[in-house]
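Undergrad: sequence first, then the predicted structure:
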Amino acid sequence: MTRKTTTEPTSALPELARGRLLTVQEAAERLNTTVRFPRRLIEERRITFVHVGRNVRIPEAALEAFIAAGVVQPITTTRRRKVA
């Protein structure tokens, strides 16, 4: 007799793979790009993605992390006035 073990499916998932799953189209709209860009990110393994059967989904948390990683803070310098 085989024993069937049950585990909670989300317990084994990485933190970025949890939450709402976006389609490639939804991810493209959120990034304000064409569908080709998120597909390229998936192909190059630059973003976390999930296979749901033959479909690919991008976790919302992974997309937010990708956006946050690309944020560049402005350089602030103090300008000094030339004294004549």
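TA: Alright, I've got the coordinates.
Undergrad: surely Ala61 is within a strand?
TA: No: counting by DSSP: H, G, I helix; E, B strand; the rest coil, Ala61 falls outside a strand, being helix.
Undergrad: that one and Thr77, how far apart?
TA: Look at Ala61 and Thr77: by CB to CB, to the nearest Å, they are 35 Å apart. Placement of C-beta: from N, CA and C, glycine included.
Undergrad: and the two? Which one has more around it.
TA: More crowded of Ala61 and Thr77, by other CB atoms under 10 Å: Ala61, with 16 against 6.
Undergrad: which of the three states applies to Arg30?
TA: Per three-state DSSP, Arg30 ends up helix.
Undergrad: so who does it touch?
TA: Leu22, Leu63 (CB atoms under 8 Å, 6 or more residues apart in numbering).
Undergrad: okay, and the beta partners of Pro59?
TA: Leu21 (DSSP bridges).
Undergrad: contacts only, for it.
TA: With CB under 8 Å, 6+ apart, Pro59 has these contacts: Leu16, Ala17, Arg18, Gly19, Arg20, Leu21, Leu22, Thr48, Phe49, Val50.
Undergrad: go on, Val56?
TA: Per CB under 8 Å, 6+ apart, neighbours of Val56: Val24, Ile42, Phe49, Val50.
Undergrad: so which of the residues you listed is the most crowded?
TA: Phe49 (24 neighbours).
Undergrad: tell me the pLDDT at that residue?
TA: As summarised for this prediction, Phe49 has a pLDDT of 94.
Undergrad: so it is in contact with Ile58, correct?
TA: Yes: using CB atoms under 8 Å, Phe49 is in contact with Ile58, at 5.3 Å.
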